[in-house]
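Asks: show me the folded form of this:
(3 chains)
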Amino acid sequence: MRLLRKFYKRPTLNIAKELLGKYLIRKIGNKKLVGKIVETEAYIGPKDKAAHSFGGKITKRTKTEYLIGGHIYIYLVYGMYWQLNIVTQTAEKPECVLIRALEPVFQDKILNTKLANGPGKLCQWLKFNKSFDGEDLTKSKRIWLEKGEKIKKSQIICAKRIGIDYAGPYWSKKHWRFYIKDNLFVSKK
DNA sequence: TGTCCGATATCCT
DNA sequence: GGATATCGGACAT
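Replies: Below you'll find the model as predicted:
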């Protein structure tokens, strides 16, 4: 059962937490790859100095952040890694959630904890690129989210976001990174 | 048009 | 712990 629009139009911090345990489905040809979301980070522009939409900035890159919740915002960092974000809220609120790590879900029992334990790596695994920018998760035939597994509140860890020291102490110390406790597939163990 | 630099991963010491 | 690969976007010129 695919997640519907209303899921994505709620407050970003709630969504960032509730995305944990959800299944990300990626269809490549007639193969279906499934990853359980185990780590996220919230970016709450325009007030959040660490967000690309800080100050209400609209550019060629950030304009997809201003779509309504449920779209994909994807961009390149360091000249080589794609970063997959899910847009939340509405056009007045350019907010999003960065997907930082997935636990691969396979029919067979191969266990690879290093396949998608980082925002760049999960995009390599699932072959994401610029063509996914602006894709609608409620309609797309090649990527969407499903209900997945229920994660208890006591199993969710809140921590500092990664790699955003440039935003200054106030914003960089906000605990807007969320991951599943004791999960082997999160990044930066 | 030019310069600067990053929401990372990996290899090196 | 530190260096570095590698390039498009942002913004200044």
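Asks: may I see the buried residues of the worst-scoring helix or strand of chain A on mean pLDDT?
Replies: The weakest-scoring helix or strand in chain A, judged by mean pLDDT, DSSP states H and E, is helix A:168-172 (a mean of 90). By neighbour count on 16 or more other Cβ atoms under 10 Å, the buried set for helix A:168-172 is A:171, A:172. Placement of C-beta: from N, CA and C, glycine included.
Asks: is DNA strand B contacted by it?
Replies: No. Using Cβ under 7 Å from any atom of the strand, helix A:168-172 never reaches DNA strand B; the gap is at least 10.0 Å.
Asks: what helices or strands is that helix leaning on?
Replies: The helices and strands touching helix A:168-172, judged by 3 or more Cβ pairs under 8 Å, 6 or more residues apart in numbering; DSSP states H and E, number zero.
Asks: partners of the top strand by length along chain A, with directions?
Replies: The longest strand of chain A (DSSP state E) is strand A:31-44. Paired strands of strand A:31-44, with direction, are strand A:23-28 (antiparallel), strand A:95-105 (antiparallel), strand A:177-180 (antiparallel) (DSSP bridges).
Asks: got the angle for the helix or strand just after it vs strand A:31-44?
Replies: Once strand A:31-44 ends, the next helix or strand along the chain (criterion: DSSP states H and E) is strand A:72-77. Angle, strand A:72-77 to strand A:31-44, by axes from the mean of the first three to the mean of the last three Cα atoms, to 10 degrees: 80 degrees.
Asks: the residue nearest in space to the middle of chain A pairs with what?
Replies: When chain A is reduced to its mean C-alpha position, the nearest residue by Cα atoms, centre = their mean turns out to be residue A:99, at 2.4 Å. Beta-bridge partners recorded for residue A:99 (DSSP bridges): residue A:40.
Asks: residues contacting the closest residue to DNA strand B within chain A?
Replies: Relative to DNA strand B, the nearest point of chain A is residue A:118 (2.1 Å; Cβ to the nearest atom of the strand). Residue A:118 is in contact with A:100, A:101, A:187, A:188, counting by Cβ atoms under 8 Å, 6 or more residues apart in numbering.
Asks: quick one: the nearest residue to the second one once chain neighbours are set aside from residue A:188, how far?
Replies: Leaving out its chain neighbours, the residue that sits closest to residue A:101 by Cβ to Cβ, 6 or more residues apart in numbering is residue A:39, at 3.8 Å. As defined by Cβ to Cβ, to the nearest Å, residue A:39 lies at a distance of 9 Å from residue A:188.
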